[in-house]
Structures are given as structure tokens and as C-alpha cells.
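In: Quick one, structure for this:
(one chain, ligands or ions: 1)
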Amino acid sequence: VKYFLVLLFASGVFMASAQDNNPNLNIIPAPVSLKKSTGTFSLSMETVIQTDTPSNKSIIFLASYLTANWGYHKIGAIDNSATNNVIKLVSAGAESLPPGGYHLSITPNGITIIGKGAGLFYGIQTLIQLMPVEKAAFAKLPCVEIDDYPRFAYRGMHLDVSRHFFSIAFVKKYIDLMASYKLNNFHWHLTDDQGWRIEIKKYPRLTEVGSKRARTLIGNYHDFYPQQYDNTPYGGYYTQDEIKDVVKYAADRYINVVPEIEMPGHSEAAVAAYPELSCDPKGSYKVAESWGGFPDIYCPNDYTFKFMEDVLTEVMALFPSKLIHIGGDEVAKEAWRKSAFCQKLIKKLKLKNEEGLQSYFIQRIEKFVNSKGRSIIGWDEILQGGLAPNATVMSWTGESGGIAAAQQHHNVIMTPGNAGVYFDHAQGFSYLEPLSIGGYAPLQKVYNYNPVPGALAPDEQKYIMGVQANLWTEYIATEDKVEYMVLPRMLALAEIAWTPVANKNYAEFAGIRVPAHLGKLDAEGYNYRVATAVGAV
Ligand code: TNX
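Out: All right, here's what the predicted structure looks like:
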């Protein structure tokens, strides 16, 4: 059925009408410039890699890929006398390319990629995409000249592992997917009301208590399905060794891992582990078992700030990321309103209200993070009560937070919940789709999103560092369903993050390239959504 639907999709309404029936050679994201020429290059087991940077991780990546698919591949030095059947990977000369840029040339005699660092890696990803899914002994690659570089420096994909927990093996599979589509920031949402998922040595109860809850059978809190509990213990967390392993795995693929430690809200799991973190330490707390917002937030007291500094110190030792995500969204401020301590603090610090207190909280954390040479990033509610001086804003409640932050000359990552980049929303008519959170984000809507708002003046637009899609997992309990929700939409995300607007073409993307990639994704064992005939979205 899958294959039938793919065919239906490929041959149907989306067929591009251009004379060139495959102008981008199935490359996703579409490159900046691609010129086809005649002839093919035959890849075989005898094809040799020649390079001026032999121990480079990109070269090892390509060599292992070729070895796995076509048998052993030799790596040697550049040898200008041996010009036949070679793949030359050259860093010399790459200085003049834009960041992340590469040049790829395929002729009947050989392949050359010029690129440095991430650029060389992206050239290799493009080359791999040009290789056929069928691993025949003599794969034929089309002759072509490609010049390419990314539109945005930050190309992000998020994964919520609090609402549901996913294994290290699966996280790596997710990272593999990001790497092949040239995404470069993995936003790992590690803590929330429903589970604390990162081992912190100084506070063992965070995982002993905070990583466990009674299992929620999936229901829909703003729909007619009730949430149900069967009281089976549910949980999981990553040890620091596992985290180090993931960070290295990602770095080998030029992916930075942005850890998120939520504060001062979305903190029920931490408060359940250490009630001293709340404004009412005598209260009884438990890890949240249902979806939605929770009232028991961190109290801006000495215990909390010491805790936060200790936690962030361990986090920064594990994650080399310049950006450290401190959350900041949906802070229910009732507990602060009721707390005599908070009300006194508001007066003492001459703050206006609880929003001012939230800003004070975030700014104090920012000072600490900055003192370690890192920067904070937070959801757009960190604008409330005044932005911390060096904060990057992740705009999710629409674009307005991002616009306001850019106008204040703060860096911005766009991920507006209403623009298609919330991959927890349905990809088609919700009654035909597996249960998801409210919202409609079909492939075309994702594809058409432009992260640079027209409302910004040209000198403000440069603060838009990039774009991200988010996957919240309240209704996503299995790895299969994670893949279903992100595929094929992650391919559209890649194109909005990388490809110049002028090169985008939805009919060609959805009608030609996506179907070709679904075949590759099948071969690699990914589950994805196929457009249904009914409704054809
Ligand atoms: C809002 S997006 C949240 C998440 C939920 C999501 C569901 C954001 C910063 N906060 O905690 O999972 O809605 O779509």
C-alpha cells in the first residue's frame, strides 16, 4: 500500500511541468547552484579516496559509508598522477567559501569536493544523496557541478524526551537523519513536569524520583478523549556517560547539541525530587502524570539558585554548546503570588510584579552562564519583565516575540507554533491521523514558512539566526511514531533552513524529490507518513 501511495503521490497533482524533470537531482535541501553536464561517474570498490586531510572525521564518515555499502574503500594522499576513479576531498582552497559551503564536481573520471569543516561534511552528504538506493557493484552518478552553502547558521530540530523517553540508540538514529539533511543543532528537551531525564551527580533524587511516574495512556486533554492511567511505572534517564557519547556522535556529524534545563516553570519533576526548590517546601509534590501546565515552580530562593548553578555546572561540563537553553516558557506565577517570600523580594528588588521576578530569575542565571563563557537561549516569554542582556530568543508563541527581540538587537531562532514547524501537530486531517495535539501542519505549510518576517527592517533581519522545528511528545510514546511525525516534514524544514527562497519550488520538492527520499528512508528503516489519497495533503 505504501508503494502504491508513493506512486500516486509522485504521478499526481504535484508533477512539475519544467522541461528538466529533475532539476535538483533529488538533493534535499536544494543546493544554491547546480549545473548538470553529460556523462556519469562509475563508483566501484576500486574507487579510491584521495585527501589532504586524512584524519578528518568527514573523510572517515564517507569511507565508512562506502565500505558499508560497496565494500572496502582505500584512503590515500592526493596523487595528481592517479586521476581515474578517484574521490578527491580537498580542504586547501576552501577558505574563500561561505561558512558551511562546499563545491562538488562529478566528472566521468572522478569526484572532487572542496570544503572545510562542516562544509566538507555537507559536500559528502550531497554526494551520498546522489548515490542510488540499490547498492549495485557499479553505481552510476550523474556528472554535475554544485556550489552550495546554507541560508541560516542555525538549523535546528528539537526532541522532547520528558513527556516520553527515547533510547540512546534512537536519539542517534534521529541525529543521523538530521545529519543527512544538513541540520546542525539538536535541541534536547531534557527536563519538564513529566520527567527529569539527565543524571546530575550532586542531586541524585532528580533521576531517582524525578525520572519516574505512573504511565499515562495517551489521551487528549483538549479533546474528548480522557487521559488514562494504568499505574504501570514509566520512566528513564540518560547517564552522563551516555550523554557524552551522544554529544560526540553529534559532533562527528557537525551537529551541536543544545541542552534544555527548564526554569522557573515546567519543573514539577524537580520539585517532586527536592521540595526545597518550591516556595512551599512542606507541600507534597509528585512528578506530573498528565499533560498541560503545572503550578509548582522553582522559588527564587538561595536553595534554588545554588541548585541551578550546580546543575548548570554539570550540564556545561557535558555539553560544549555555546547556547544553553534555560526554558522560560509558560511560567504559572500563582505560587509566587501566594508566597510571602516572593512578595517581599519583589518589593526589595523594586520589581513591578511577578513578571519582573521572572526576569530577575533569568538574568541571574544568565550572569552565571555568561561567567562560564556561554550564552542563554530561552522561549519568548523571557521577554516578560525585560530581556536578559545577552539572551537569544526562541520564538514559539508566533513570530511576535522574535520580532520584538530582533528589534532589541537580540539573536533569534524562529520556531512559531502556528507556522508549520510544530511537528506534534497533525500532518493531515486530524481524524485520519494518529492522535496528536491540536494544530494543523501539513508538508506544504512547513515548506512555505519563511523564517525572516517581512515586518523587520533589513538591518534587524540579520538577528534571525535560523529556524527550528519542535517535537513535543505528549502524544508520542513510540519511536515509530516520532519518525512518523517528523517525516517527511523534516525534509521541508531542511529546505527552509538551507535553500535560498528563490530556489524553492514546492511542486518539484513534493512531486519529485520527496518520493525519491521516501525510498531511501525505507531502505534505512525509517517510518514516515505518506500523503493520503483522500484529501491529498
Ligand atoms: C507548549 S512550545 C509548550 C510545551 C508543550 C507544547 C505542546 C513550548 C515552549 N511549551 O511544553 O509540549 O506547547 O504543543
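
In: From now on I want contacts and neighbour counts done on CA atoms only, so please keep to that.
Out: Fine.

In: The residue of the chain found nearest the ligand: neighbouring residues, count only.
Out: Nearest residue of the chain to the ligand: Trp472, at 4.7 Å (Cα to the nearest ligand atom). As a burial measure, Trp472 scores 22 neighbours (other Cα atoms under 10 Å).

In: Number the residues from 30 up from this point.
Out: From this message on, residue numbering opens at 30, which makes the last subject Trp501.

In: Shouldn't it be within a helix?
Out: No: the assignment for Trp501, made by DSSP: H, G, I helix; E, B strand; the rest coil, is coil rather than a helix.

In: give me every residue that touches it.
Out: Contact partners of Trp501, counting by Cα atoms under 8 Å, 6 or more residues apart in numbering, are 188-189, 192, 452-453.

In: Now do whichever helix or strand Asp205 is part of, average pLDDT.
Out: Using DSSP states H and E, Asp205 sits within helix 197-209. Across helix 197-209, pLDDT averages out at 98.

In: Name the residues that touch it?
Out: Contacts of helix 197-209 (Cα under 8 Å, 6+ apart): 154, 186, 213, 215, 267, 271, 275, 278-279, 282-284, 508.

In: Pull out the C-alpha coordinates of it and format them as CSV.
Out: Extracted in CSV, the C-alpha atoms of helix 197-209 (Å, rounded to 0.1, in the frame of the first residue of the first chain):
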residue,chain,number,x,y,z
ILE,A,197,20.2,6.5,23.2
ALA,A,198,20.1,4.3,20.1
PHE,A,199,17.1,6.1,18.9
VAL,A,200,18.5,9.5,19.7
LYS,A,201,21.4,8.6,17.5
LYS,A,202,19.1,7.5,14.7
TYR,A,203,17.4,10.8,14.9
ILE,A,204,20.7,12.6,14.7
ASP,A,205,21.6,10.6,11.6
LEU,A,206,18.5,11.9,10.0
MET,A,207,19.4,15.5,10.9
ALA,A,208,22.9,15.0,9.5
SER,A,209,21.8,13.8,6.1
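
In: So what's the gap between it and the chain middle?
Out: 10 Å (Cα atoms, centre = their mean, to the nearest Å).

In: quick one: is the following helix or strand past it near the ligand?
Out: Counting by DSSP H and E, the next helix or strand C-terminal to helix 197-209 is strand 214-218. No: figure legend: strand 214-218 not in contact with the ligand (Cα under 6 Å from any ligand atom); closest approach 9.7 Å.

In: Direction included, what does whatever helix or strand comes next after strand 214-218 pair up with?
Out: Once strand 214-218 ends, the next helix or strand along the chain (criterion: DSSP H and E) is strand 220-221. Its sheet considered, strand 220-221 pairs with strand 224-225 (antiparallel) by DSSP bridges.

In: quick one: contacts of the strand it pairs with?
Out: By Cα under 8 Å, 6+ apart, strand 224-225 touches 191-192, 219, 235-236, 239-242, 264, 266, 298-299, 316-317.

In: and if we set it to 7 Å?
Out: 191-192, 219, 235-236, 239-241, 298-299, 316 (Cα atoms under 7 Å, 6 or more residues apart in numbering).

In: same thing with stretch 462-469?
Out: Applying Cα under 7 Å, 6+ apart, the contact partners of stretch 462-469 are 453-457, 504.

In: need the next SSE after the lowest-mean-pLDDT helix or strand in the chain, C-terminal direction.
Out: When the helices and strands of the chain are scored by mean pLDDT, DSSP states H and E, helix 31-40 comes last with a mean of 45. On the C-terminal side of helix 31-40, the closest following helix or strand by DSSP H and E is strand 62-72.

In: Next, find the distance separating Lys381 from Asn419.
Out: With distances taken as Cα to Cα, to the nearest Å, Lys381 is found 22 Å from Asn419.

In: More neighbours: which of the two?
Out: Set side by side, Lys381 and Asn419 show more neighbours around Asn419, with 16 against 11, by other Cα under 10 Å.

In: What are the boundaries of the helices in the stretch 130-279 of the chain?
Out: 147-159, 197-209, 234-237, 269-280 (DSSP state H, counting those that start in this stretch).

In: between the contacts of stretch 462-469, which has the most around it?
Out: So for the contacts of stretch 462-469 (other Cα under 10 Å), the most neighbours sit at Gln456, 30 neighbours.

In: Surely it and Ala470 touch.
Out: Yes: between Gln456 and Ala470 there is a contact under Cα atoms under 7 Å: 5.2 Å.

In: residue contacts, the residue most central in space within the chain?
Out: Centroid-nearest residue in the chain: Met186, 1.1 Å away (criterion: Cα atoms, centre = their mean). Met186 sits next to 214-216, 497-499 when contact means Cα under 7 Å, 6+ apart.

In: pLDDT value on it, please?
Out: At Met186, the model reports a pLDDT of 99.

In: bridging residues for it?
Out: Phe215, Ala498.

In: Which ones among the contacts of strand 224-225 map onto strands?
Out: Residues of the contacts of strand 224-225 located in strands (DSSP state E): Lys241.

In: From Gln79, how far off is the residue in the chain sticking out farthest from the centre?
Out: The C-alpha centroid of the chain is most remote from Ser110, which lies 43.4 Å away (Cα atoms, centre = their mean). Distance of Ser110 to Gln79, given as Cα to Cα: 12 Å.
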